[in-house]
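Participant: what's the 3D shape of this:
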Amino acid sequence: MNKPLLAIAALLLMASTAITAGYFYLEGRIATMQERHISGRIATGALPIISNSAGDVLEITSLEPAPPATLKAGENIRIKFRYQLSSASQVCMFAKTKIDGSKPKGCYASSGSDTYQKGSGNGEYTITHLNNSVTNEIEVYMMCFELPVVAYSNKFRGDLATDRDLRLLTMVVPASYTWVETP
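Facilitator: Have a look, this model is predicted:
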């Protein structure tokens, strides 16, 4: 029998096995995140903290300025938070302003997220609106940012994958802000 041909066949079989194992691992990681994902709406006056069965915790420690507030267009609100991460090696934290659960009118900008490593720590995120806008809640979420999971989700799951597939914790905090354009 042809030894080079057998060697190529063996390599193809090993590569196929590795790809299949990788597929099942990544699908399993995403399914576990979806299973553990906790989403909650925080009642007015309640402590803004949420956790899941894996021991991940997200707590809003302050909103600056405190709501309700009126700001000039382009002026930031600062969301400070504390986190405990157990179920993933690294995450990003994001926040979005909402009006009754929907995206507010107008254009907004945010600071983007640092990458937060397994363990505990503190962080902050800023959001602003660039024109007249009214919001009454902020959605804050912790999203898995393990590169193989994110790359797989974006590349191979196609339009079935959303950022919600990779979320570990999501909380909606009542917070009224108004941005006003000045002449």
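Participant: Every contact and neighbour count from this point should use C-alpha atoms.
Facilitator: Noted.
Participant: can you map out the strands along the chain?
Facilitator: In order along the chain, the chain carries the following strands (DSSP state E): 38-41, 49-51, 57-64, 69-72, 77-98, 108-110, 115-129, 133-144, 167-180.
Participant: so which of those comes closest to Ala10?
Facilitator: Set against Ala10 and scored by C-alpha to C-alpha, these come closest in strand 77-98, at 33.6 Å.
Participant: In the sheet, which strands lie alongside that closest one, parallel or antiparallel?
Facilitator: Strands that pair with strand 77-98, judged by DSSP bridges, come out as strand 57-64 (antiparallel), strand 115-129 (antiparallel), strand 133-144 (antiparallel).
Participant: What confidence value was assigned to Cys92?
Facilitator: Cys92 is assigned a predicted lDDT (pLDDT) of 86.
Participant: Let me see the contact set for Ile60.
Facilitator: If a contact means C-alpha atoms under 8 Å, 6 or more residues apart in numbering, then Ile60 has Pro48, Ile49, Ile79, Lys80, Phe81, Arg82 as its contacts.
Participant: What of Ser89?
Facilitator: With contact taken as C-alpha under 8 Å, 6+ apart, Ser89 is in contact with Gln117, Lys118, Phe145, Glu146.
Participant: same question for stretch 73-86, mean pLDDT?
Facilitator: 93.
Participant: what comes into contact with it?
Facilitator: By C-alpha under 8 Å, 6+ apart, the surrounding residues in contact with stretch 73-86 are 54-65, 117-132, 179-182.
Participant: among the contacts of Ser89, who's most crowded?
Facilitator: Neighbour counts for the contacts of Ser89, by other C-alpha atoms under 10 Å, peak at Phe145, which reaches 20 neighbours.
Participant: State the number of residues packed around the nearest residue to it once chain neighbours are set aside.
Facilitator: Leaving aside its sequence neighbours, Phe145 sits nearest to Val91 (C-alpha to C-alpha, 6 or more residues apart in numbering; 4.5 Å). Here the count is done by other C-alpha under 10 Å, and Val91 has 24 residues near it.
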